[in-house]
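In: after the sequence you'll find the predicted model.
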Amino acid sequence: MTRKLLFLIPDGMGDHPLPELEGRTPLEAARTPNMDRLAQVSTLGRCRTIPQGQPPGSDIANMALLGFEPEVHHTGRGPIEAAAQGLKVAEQDLIYRLNLVRVSAFAPDGIMRDHSGGQVDTDRAREFLDRLSRALKEKDLELVPGFQYRHLLLQRGGADQPEAKLDIRPPHDILGRELGPDLEVFAKSPRLHSLVHRAAGMLSEDDGLGANAVWPWGQGPPLKLPSFRETFGLSGAVISAVDLIKGLGRSAGLESINVPGATGGLDTDYRGKAKAAREFLEHGDFLYLHLEGPDECSHAGSIEDKVRCIERFDELILGDLLQWMQDRDICCMIACDHLTPIALRTHAADPVPFLFHDPAAPVRGAERFSEPEADESGIFLERGTQLLPWVLKQMGSEP
């Protein structure tokens with residue numbers, strides 16, 4: 001009988017010490033009795049999920065944690081999210097992630113205020129994108145509505161066009177910075193220049209949406225991943241509120257489990273995610289449960305919310321699952337995909353802390369789960385793609 005494996009990924013949970021927390025990280029400051037209890041009988045370590053020279057994004061990091069080399073398979077953030085929606089795209093199409101954002105002014109000296117446009121309402125966002133679609137003059141551009149501030153832009157036949165090579169910064173990487181360098185990049189494409197300026201003009205007339213600009217980025221041709229089952233010998237699923245994780249899962253042949261109350265924020269349905277995980281693991285071999293909240297709290301610069309989100313993960317997801325997992329042969333990995341330091345309000349390429357527990361082979365671990373404890377373990381994996389094979393080896397279930 002195949003042993004079962006649970007990956008729990010609180011996105012961006014790792015951080016740097018903060019003076020506001022007396023030199024502790026949010027993970028250290030949070031009350032996490034379940035993670036700490038598990039750490040005492042688990043192996044801790046660090047893993048570099050972002051390859052050298054790659055941008056520290058969730059797309060790169062989660063692809064690596066699922067065991068697939070980003071340098072080989074990654075084509076962009078947009079293509080991953082297109083896979084989540086099951087969009088029909090041609091090999092020569094170019095797919096962008098499209099954020100609804102809030103800026104101080106859509107001008108060179110304007111400042112990126114909020115990469116999420118104030119967490120815009122999905123229905124209102126769809127209404128706006130429908131109006132923008134009708135106003136588009138570029139026949140090769142197509143807007144694809146998504147969830148809240150996260151949407152897509154298709155450029156049919158664009159993989160061979162100059163736009164494919166444009167280096168557009170993710171909006172969450174330029175919070176508090178001027179837009180000038182990025183507007184210069186948009187200006188290199190008549191299509192994108194027209195789109196972003198037309199959208200900004202239309203949004204300036206709408207004070208109820210929250211966002212006042214659109215931001216296409218992360219473009220690339222369609223994503224193709226090998227079969228997870230054929231690669232690792234496990235039937236699996238992903239649980240997440242965000243299309244990024246759903247797209248990676250579906251591209252690799254993993255089931256994507258929908259939790260109706262999953263929002264991607266602090267208010268997500270933690271218990272619903274735990275319940276869905278229990279139900280899948282009754283028959284499935286591998287579950288990848290992703291929690292977006294810590295990352296969103298970091299981008300917002302809220303220490304209090306990040307600590308609260310970590311505590312809710314510990315109590316409502318991990319606590320629930322640990323109780324259910326008693327007397328079941330289910331191994332558990334806890335890791336963040338990347339660090340999202342509050343002080344930076346964006347992602348960092350630092351190695352992430354991880355915790356691995358095998359109920360059949362408990363070990364003498366650490367007093368608690370934290371970045372310093374993981375550092376002190378002496379275990380370090382140089383590449384994110386090494387983590388899953390390392391775990392399977394510990395379980396005696398190498399593919």
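Out: Here it is on my side, so go on. Computed from a predicted structure; not experimentally measured.
In: centre-most residue in this protein?
Out: With distances taken as C-alpha atoms, centre = their mean, the residue of the chain nearest its centroid is residue 58 (4.1 Å).
In: so where do the strands sit in the stretch 101-250 of the chain?
Out: Taking DSSP state E, counting those that start in this stretch, the strands of the stretch 101-250 of the chain run over residues 112-114, 141-147, 150-155, 213-220, 236-239.
In: among the ones you listed, which comes closest to residue 263?
Out: Of all the strands of the stretch 101-250 of the chain, strand 141-147 sits nearest to residue 263, with 9.0 Å by C-beta to C-beta. In short, each C-beta sits where N, CA and C put it, glycine included.
In: quick one: average pLDDT of that closest one?
Out: Averaged across strand 141-147, pLDDT comes to 94.
In: buried ones in the helix or strand that contains residue 308?
Out: Following DSSP states H and E, one finds residue 308 within helix 303-312. Under the neighbour-count criterion of 16 or more other C-beta atoms under 10 Å, helix 303-312 has 303, 305-312 buried.
In: for it, enumerate the helices and strands it packs against.
Out: helix 26-29, helix 293-300 (3 or more C-beta pairs under 8 Å, 6 or more residues apart in numbering; DSSP states H and E).
In: would you turn those into a markdown table with mean neighbour count and mean pLDDT?
Out: Formatted as a markdown table, these follow (neighbours: other C-beta atoms under 10 Å; pLDDT from 0 to 100):
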| stretch | mean neighbour count | mean pLDDT |
| --- | --- | --- |
| helix 26-29 | 25 | 98 |
| helix 293-300 | 26 | 96 |
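In: tell me the contacts of the residue of the chain positioned farthest from its centre?
Out: Residue farthest from the centre of the chain, counting by C-alpha atoms, centre = their mean, is residue 137 at 32.8 Å. For residue 137, the contacting residues are residue 194, by C-beta atoms under 8 Å, 6 or more residues apart in numbering.
In: make CSV out of the strands of the stretch 101-250 of the chain and add mean neighbour count.
Out: Conversion of these to CSV gives the following (neighbours: other C-beta atoms under 10 Å):
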stretch, mean neighbour count
strand 112-114, 20
strand 141-147, 19
strand 150-155, 24
strand 213-220, 25
strand 236-239, 24
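In: and those as a markdown table, adding distance to residue 251?
Out: Formatted as a markdown table, the strands of the stretch 101-250 of the chain follow (distance: least, C-beta to C-beta, whole Å):
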| stretch | distance to residue 251 |
| --- | --- |
| strand 112-114 | 29 |
| strand 141-147 | 17 |
| strand 150-155 | 15 |
| strand 213-220 | 13 |
| strand 236-239 | 11 |
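In: that older thread, the residue nearest to the centre of the chain touches residue 337, doesn't it?
Out: Yes - look at residue 58 against residue 337 with C-beta atoms under 8 Å: they come within range, at 5.5 Å.
In: give me the common contacts of these two.
Out: 11-12.
In: distance of residue 35 from residue 315?
Out: 10 Å (C-beta to C-beta, to the nearest Å).
In: and the closest residue to residue 2 other than its chain neighbours, how far is that from residue 63?
Out: Nearest residue to residue 2, sequence neighbours excluded (C-beta to C-beta, 6 or more residues apart in numbering): residue 285, at 5.0 Å. Distance, residue 285 to residue 63, by C-beta to C-beta: 20 Å.
In: neighbour count winner among the two?
Out: residue 63 (27 against 20; other C-beta atoms under 10 Å).
In: helix, strand or coil for the more buried one?
Out: Counting by DSSP: H, G, I helix; E, B strand; the rest coil, the backbone at residue 63 sits in helix.
In: what residues does it make contact with?
Out: The contact partners of residue 63, by C-beta under 8 Å, 6+ apart, come to 70, 73-74, 80, 225, 248.
In: how is this protein carved up into domains?
Out: 4-74+226-395, 83-220 (automatic domain parsing).
In: hey, which of these is tucked in deepest?
Out: domain 4-74+226-395 (a mean of 20; mean count of other C-beta atoms under 10 Å).
In: so how far is it off the chain centroid?
Out: Using C-alpha atoms, centre = their mean, to the nearest Å, the mean C-alpha position of domain 4-74+226-395 is found 11 Å from that of the whole chain.
In: same question for stretch 161-178.
Out: Using C-alpha atoms, centre = their mean, the offset of stretch 161-178 from its chain centre is 18 Å.
In: quote the end-to-end distance of that stretch.
Out: End-to-end distance for stretch 161-178, by C-alpha to C-alpha, to the nearest Å: 27 Å.
In: tell me the mean pLDDT for it?
Out: Rounded mean pLDDT across stretch 161-178 is 96.
In: so the residue nearest to residue 2 sits against residue 7, correct?
Out: No - look at residue 285 against residue 7 with C-beta under 8 Å: they stay out of range, at 11.8 Å.
In: quick one, phi psi at residue 189?
Out: The phi and psi values for residue 189, taken as degrees, to the nearest 10, are phi -120, psi 110.
In: could you find the closest non-adjacent residue to residue 298?
Out: residue 340 (3.7 Å).
In: my read: the one you found touches residue 10, true?
Out: No - contact criterion C-beta under 8 Å: residue 340 and residue 10 do not qualify, at 10.4 Å.
In: which residues are common contacts for those two?
Out: residue 294.
In: what's near enough to touch the residue nearest to residue 86 when sequence neighbours are not counted?
Out: Distance criterion C-beta to C-beta, 6+ apart; nearest residue to residue 86, sequence neighbours excluded, is residue 250 at 7.3 Å. By C-beta under 8 Å, 6+ apart, the residues touching residue 250 are 83-84, 86, 256.
In: identify the residues contacting residue 4.
Out: Residue 4 is in contact with 281, 284-287, 328-331, counting by C-beta under 8 Å, 6+ apart.
In: so which of those residues is the closest to residue 151?
Out: Nearest member of the contacts of residue 4 to residue 151, counting by C-beta to C-beta, is residue 287, at 27.8 Å.
In: and that closest one, that one's in a helix?
Out: No - using three-state DSSP, the secondary structure at residue 287 is strand, not a helix.
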